[in-house]
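Asks: Fold the following and give me the result.
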Amino acid sequence: MINSIQSYEVKDQAFEFLLSHLSGKIIPTTIAAALRIEIDQISSISPDELVESTRLTQRTWSENLFLINWLETLKTDQNAPSDCVEEDAEDLIDPAMQDLSSGTLFPLIDAVTSAQQAPDSQSPDLKLSLRQFLDFFERLPESGNEEMIFQFDEEVSSDQRLQFGLLIFSPYFQRKITFAQLKSSLDKLVRREVTNLLLIVWLDRNESLGGCSIASLALLGRVLRHLLHELLPDAIYEFRALLQDSIRIPAALIACLAILSAGFQRPVSDADEWESICKERLEWTRLSHRLESLLSLQNFLVRFLLPGKSFSDALPVSVTDFLQRGKSSTAEYLSAWCGKGFLDIPSVAIMKAFYSADIEIKLPSIEAEDQDDRPLRFLHVPEISLDKKEMAEGLAVLRAVFPRSLTADVLLSNCCLELAVLWNKEPNDVTLLRLSLRYLSDVVNSQITHGIALVIWKTFLSDRLSICATLMEKVGKAPKERLFSKDVNMSDSSVVVFLELTHAYLGLIADAEYNRQERFHLETEDLWYDETVSSKSSTVGIAVSQPATNASLVRHHMHLVTVLHAIMFYSLKSVKPLSLFDFKAQEAFFQDLTLHPVLSIIDLDQSVIRNRNQFLSRVVAALVRSAADHCVQPDVAWMEKILEVAAYWGITGDEVRTVYVFELYSHGLDELGAEAYKTVTDKQPLIARLMHLAGMRLASLTSNTRSQTSYAKNFSTMSPTLGSWIRSMDATGLACENVDWEQCYLLVRNISHDMNRQQAQHKICTEVLEWIKNYVLAR
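Replies: Numbers count the residues shown, from 1 in each chain. Take a look at the predicted model:
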């Protein structure tokens, strides 16, 4: 029907309609046959008789006929059996790569490739319309009629290019067609574009092209040798950037090795071109080493990936991202994987890997590699034991791969900061903050410790602590959970732990400040040094750039945290924490820790002094009461904090220890009380209180007799003075009534050694000892 139309313009419209509305009754081969007839008919016309419009129509029809035949060939190739036999592609591989299959590189590649969840390796969608396929390309103006060369239209999407790339390359890698058949398709496209397409398909759908095997490397090398033969170094640079951005490290490494093997064998015309090729080849060799290093990093993740976690969900790695992250990139990746729950890297494993003499793994030095005359040089990375899964061993391998940038302090500090960031997102999960502190406590360099702790204080702790202090000052006690949830997004139990850990962080800042070392310099490997890349500041770099803090102001905040922690931990009421400090001290709270404000005034109001003494006494009493209720010894750390606050407030340690000893005896912890008694220097105020306690105990013991007669008999054996003294005591105030005569005797005997013999109570003390010894213990 079309052949019977006289107007070429109308014929062209008819062909366009058919190409856009193909149905099952009209197949592309039918259209191709009709186009061939029309093209032949036009060719039979004398050139002098052809008008320009007819000549353009003939060109368009020739292009469409060419593309239709090409598409049919590609579809036929897709359905061909995988039994194509030709010369072994591995025979074409560069001799420098012959030892890859027996080395340590491919086991690492296999491990990482197996863990990656690649896109479906199913065959490409062959239901692509003919019209879409024709619209993919535009013909190069300079290409002739015999050898048409096309380039992609600018509007073709990346997904459509990928689909087309699979149509071209997957049959060859799946052994369905020969290289000669593939070459016929490759020669129809611009070399640079088809090479770029090959690398995109290789990186994104590697499984469809046979995976990362030595055989696939050989096949890829053969194709690249053909494509890169006439390309200049500036074109090859474009492909290097593509591999640097890829997160599929095994596939990128194989492609890099293939280009190194096949991409630099074009004839050289002059010295300048030779120099340009040598420089570009050097960059590709450097890229291969970088990719091998990242492969080792990914292999570590594969080996120690926690159950239930997917490798593909972890933070992806690429050369470009690694360079942009700065000098501590390795530690940042490890800490990110650790913080997100993909890895569990205990601090003890880090210390063992970096400081233990039992683990030592060395790789060839850069100098040794430079002396190697092979065209390619590979890092020989030891394979990590799968049976033992020894974390320290795996870290030692990474330490050997990144000997300058990956140190114990760098890794510990990155893990610490990563966990602190995660805790800030989930404030109730205080386990993250505690684990963060544990990592930081193991950092050896005090400047890094100081800087990281200061960053965490300014970023995450200071504001939340300020809200807690203001809230507790307002309500005058430990607030209810509802208030904490509203203001700081934390439960009351989480706030208790938060205050404890905040005190520890401030302690690290203060202690590190007293022991500042010379400035820490973070280094990087020569392999990763690139001044053309703009990288961000590393975590350690930020830490060491922090200014020196005012240790006095830091400890000023530590004492406030101790007060807040005590109120929360022991549920104290009727306490306003900020009011325990004078107005100058209150103004200094939550200022920049590098400043030097006035921290106190000389003349304090007596009510403030009295409130401080009462507060410390209540905390000590709560400490001892809690220990007695749980049948454990009082927390020594709490006593140390209380004594530090007391000293800061100008209250002597003896005053606090006097309360402590008295509370121990009051709660029946006589053995602990006797030990603590020795720490009191001025014992006279304590003796008076303990003598009164002894009288209360005697009153309780004498009143707990079985009959009135026994009660009277007890007092009949005493002197009138002793009997009157015991009767004057009120035993109802005893915190612990479960004491015996022997405990009472030992208490009185203990204080009698330090009692002034001139005091009136010394005689009573002597009579108590004699009476208990003769009339109670002697029975």
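Asks: Poorly predicted segments of the stretch 201-350 of the chain, please.
Replies: 232-233, 263, 265-268 (pLDDT under 70).
Asks: so how far is residue 429 from the most centrally placed residue in the chain?
Replies: Centroid check for the chain by C-alpha atoms, centre = their mean gives residue 336 as the closest residue, at 2.1 Å. Distance of residue 336 to residue 429, given as C-beta to C-beta, to the nearest Å: 17 Å. (C-beta placed from N, C-alpha, C; glycine too.)
Asks: What of residue 345?
Replies: Counting by C-beta to C-beta, the gap from residue 345 to residue 429 is 18 Å.
Asks: so which helix or strand takes in residue 293?
Replies: According to DSSP states H and E, residue 293 maps onto helix 271-303.
Asks: got the buried residues for that helix?
Replies: The neighbour-count check on helix 271-303 (16 or more other C-beta atoms under 10 Å) flags 277, 280-281, 284-303 as buried.
Asks: what's the burial count for residue 69?
Replies: By other C-beta atoms under 10 Å, 15 other residues sit near residue 69.
Asks: Thought residue 242 was touching residue 200, still the case?
Replies: Yes: the criterion here is C-beta atoms under 8 Å, and residue 200 meets it with residue 242 at 7.3 Å.
Asks: quick one on the thing from earlier: was I right about the residue nearest to the centre of the chain contacting residue 315?
Replies: Yes: assessed by C-beta under 8 Å, residue 336 is found in contact with residue 315 at 4.8 Å.
Asks: which residues of the stretch 151-300 of the chain fall in strands?
Replies: In the stretch 151-300 of the chain, no strands are found when defined by DSSP state E, counting those that start in this stretch.
Asks: Check the chain too.
Replies: Secondary structure of the chain (DSSP state E): strands at 137-139, 150-152.
Asks: Of residue 345 and residue 429, which one has the most company?
Replies: Neighbours were tallied for residue 345 and for residue 429 using other C-beta under 10 Å; the higher tally belongs to residue 345 (22 against 14).
Asks: residues contacting that one?
Replies: Residue 345 makes contact with 304, 334, 338, 391, 395, 411, 415 under the criterion C-beta atoms under 8 Å, 6 or more residues apart in numbering.
Asks: Tell me, how many residues neighbour the residue nearest to the first one when sequence neighbours are not counted?
Replies: Leaving aside its sequence neighbours, residue 304 sits nearest to residue 343 (C-beta to C-beta, 6 or more residues apart in numbering; 5.6 Å). For residue 343, the tally of surrounding residues (other C-beta under 10 Å) stands at 23.
Asks: Likewise for residue 414?
Replies: So residue 414, with other C-beta under 10 Å, has 28 neighbours.
Asks: Look up how far residue 199 lies from it.
Replies: 33 Å.
Asks: just residue 503 next, same as before
Replies: From residue 503 to residue 199 the distance is 56 Å (C-beta to C-beta).
Asks: Could you check the pLDDT of the closest residue to residue 672 other than its chain neighbours?
Replies: Nearest residue to residue 672 in three dimensions, chain neighbours excluded: residue 664, at 5.0 Å (C-beta to C-beta, 6+ apart). The model reports residue 664 with a pLDDT of 95.
Asks: Endpoint to endpoint, stretch 434-449 covers what distance?
Replies: End-to-end span of stretch 434-449 (C-alpha to C-alpha, to the nearest Å): 15 Å.
Asks: low-scoring stretches of the stretch 551-700 of the chain, by residue?
Replies: For the stretch 551-700 of the chain (pLDDT under 70), the answer is none.
Asks: From residue 660, how far out is the nearest residue to residue 653 once chain neighbours are set aside?
Replies: In space, residue 653 comes closest to residue 643 once its chain neighbours are excluded; the distance is 5.5 Å by C-beta to C-beta, 6+ apart. Distance of residue 643 to residue 660, computed by C-beta to C-beta: 9 Å.
Asks: the more surrounded of these two?
Replies: Of the pair residue 643 and residue 660, residue 660 is the one with more neighbours under other C-beta under 10 Å, namely 27 against 18.
Asks: Now do the same contact list for the more buried one.
Replies: 620, 623-624, 634, 639, 676.
Asks: before we move on, what about residue 501?
Replies: Neighbours of residue 501 in contact, by C-beta under 8 Å, 6+ apart: 430, 433-434, 437.
Asks: how about the residues you listed in CSV, adding distance to residue 176, neighbour count and pLDDT?
Replies: Below are the contacts of residue 501 laid out as CSV (distance: C-beta to C-beta, whole Å; neighbours: other C-beta atoms under 10 Å; pLDDT from 0 to 100):
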residue, distance to residue 176, neighbour count, pLDDT
430, 60, 20, 95
433, 58, 28, 96
434, 59, 16, 96
437, 60, 20, 97
